Each structure stands twice: as C-alpha cells, then as structure tokens.
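In: Take a look and give me a structure for this.
(one chain, ligands or ions: 1)
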Amino acid sequence: MKTYIVGNWKLNFTVGEASIYLHKLLKTLPNYRDLEVVVAPSALALQPLSLQVDRHKIKLAAQNAFYRDTGAYTGEISFAQLRGMVDFAIIGHSERRYVLREDDKMIAKKVAAAIRNHITPILCIGEIESERAFGETKDVIRDQLIGGLSEVSDDELSKVIIAYEPVWAISSAKSAKLATPDEVGEVVNLIRKTLMDTYGAKASENVPVLFGGSVNASNAGAYLTVPGVNGLLMGASSLILNEFVDIIEIAKRVRA
Ligand code: PEP
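Out: Okay, the predicted model is just below:
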C-alpha cells in the first residue's frame, strides 16, 4: 500500500504564498514511487495551484466542500466544481465538527459527494479529551466511522482514506498532548476491526489509515512505524517547508 503524507494548510497562506510554497516544494521533491504527497490549500488557491502542480509529484486536496453538486447554496463550493482540480478532500476534520458544527449525517453526505465526483475522501475521526477520559474513545470512533461511511457501499470502500486524529493531540488544542504510538496503534486496530466487521475482510484490507496530531520531524518516524498506519496528516508542520520536506524524507526512509 502507498504511504500518504498530507499537509493541511487550514486558513493560512495567501494565494501568492501558497503558489511560492508549491513552487519550492516541486523543485525539492523527486518523483517518489509508493509515496503520495498531498497538500490542502485554501479553496481560493485550488484553481491556480491545480494549473501549477505536477501531479506526478504532489496532489491537491480540498479542505472541505458542500454535499450538493449545484443549487441555491450561497457561499458554498461543491465537489462537482472541484472535480478534476483536486484528487483528495479532507472531510469531517475536527475543526469542522466542533467549530462549524458538522455532524456525522452531513459528513456522510460529503463523503458520498466526493466519491460521486471522483475525489478521494480523507475522512477524519477522533475523540475529544473528555471522551477519552471517560473511556468513550471506542464508541466515538465506531460512531464516527460507521456514521461517516453510512452512504459508502462495499465496492466504494476502496476509494476512501481514514485519518485518526485525536482532537486532544491536534496542535491547535488548548493544551495539546502527544499521543503515544501505543495509543495510536490501539485506535488504528479498532478502526481496522470496525471496517472488517462492517464491510468484510476483502473490502477493508486496502483502506489506508493515517494518523494526525502534532506530527513533526522528531516524531513522524515513530508514528509511521505503528502497525496499520499508512501515513500522516499534519497541520502546523506542513506550513514550514523544510519540516514538511524532512517528514517526507523520513517517510521515504521508514517505509522503504
Ligand atoms: C490537523 O489539523 O489535522 C492536524 C493534525 O494539525 P497539527 O498537525 O497541527 O496537530
């Protein structure tokens, strides 16, 4: 299976800054086989960057989109409009769940809309700190996983990527803590078991599972060696070009 290194730029970089970053990254990176490097700029930058990017080296992801393809939805951008421009879309990120109040029902519609438009959804799931403290992690993970995939058929499961992002470990959390590789492994196993129980072994074995939460160049290697982890999703570290390149190189070494 490929290894995925995904940078979520969130609400950072002007279109010009995003373009300069992409230019430098393209110049730095060789053409890696078996390593998928993905960046998720703001929606505004996607169109110009889609003309600039060399998709053999780097792919683009949307950070979000709306679940209807067209219609009276002022201010929204659809997966249909992004079709051909991006290869991936981050869906259900914790900032959209908890700041913008997206629920599993809406997230499921977005996952379906992405697949319908030939865009690979990266479905983010993860518990908040109090849910972990109260022993609810398993239930939250199962609910978000099954809920987010509720409109995905057995045949479509291979078109989905799951990202486990414990919300308490994301760098923007008030007192972010690092998840231990054991904690990550435990939840990744649960994700794989839930997929297997729901979709069967054959359909679920090729679903990539990524980890995200304060990943940087010092801990990337440890997370990438957790069994069942197929890549990393990161925010803060992806904004620093040198660090992002270091993490890509670590991934290449660790997964070679
Ligand atoms: C994220 O927001 O998806 C994320 C993992 O952020 P960070 O790497 O900054 O913790």
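In: and Phe66, what is it in contact with?
Out: For Phe66, the contacting residues are Tyr73, Glu76, Ile77, Ser78, Phe79, Lys110, Ala113, by CB atoms under 8 Å, 6 or more residues apart in numbering. C-beta here means a position set from N, CA and C on the backbone, and glycine is covered the same way.
In: Please name the nearest non-neighbouring residue to the second one.
Out: On the basis of CB to CB, 6 or more residues apart in numbering, the spatially nearest residue to Glu76 that is not a chain neighbour turns out to be Phe66, at 3.7 Å.
In: all strands in the chain, in order from the N-terminus.
Out: 3-8, 35-40, 58-62, 88-91, 120-125, 161-164, 209-211, 231-234 (DSSP state E).
In: And the first one, how far out from the chain middle?
Out: So the one you mean is strand 3-8. 7 Å (CA atoms, centre = their mean, to the nearest Å).
In: what number of residues lie near the closest residue to the ligand within the chain?
Out: The ligand sits closest to Gly235 of the chain, with a gap of 2.7 Å, by CB to the nearest ligand atom. Number of residues near Gly235 (other CB atoms under 10 Å) recorded here: 23.
In: next one: the one 10 residues further on
Out: Counted with other CB under 10 Å, the burial measure for Val245 works out to 16 neighbours.
In: residues in contact with it?
Out: Val245 neighbours (CB under 8 Å, 6+ apart): Leu25, Thr28, Leu29.
In: Gly212 too?
Out: Contacts of Gly212 by CB under 8 Å, 6+ apart are Val6, Asn8, Cys124, Ala163, Tyr164, Glu165, Ile170, Leu232, Leu233, Met234, Gly235.
In: Please render the residues you listed as TSV that adds pLDDT to the earlier fields.
Out: What follows is the contacts of Gly212, written out as TSV (pLDDT from 0 to 100):
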residue	pLDDT
Val6	98
Asn8	98
Cys124	98
Ala163	98
Tyr164	98
Glu165	98
Ile170	96
Leu232	98
Leu233	98
Met234	98
Gly235	98
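In: of all these, which comes closest to Leu195?
Out: Tyr164 (12.1 Å; CB to CB).
In: can you pull up the bridge partners for that closest one?
Out: Ile125, Phe211 (DSSP bridges).
In: Could you double-check that it lies in contact with Gly185?
Out: No. Using CB atoms under 8 Å, Tyr164 is not in contact with Gly185; the gap is 10.2 Å.
In: Thought Ala173 was touching the residue of the chain closest to the ligand, still the case?
Out: No. Here Gly235 lies out of contact with Ala173, judged by CB under 8 Å, at a distance of 11.0 Å.
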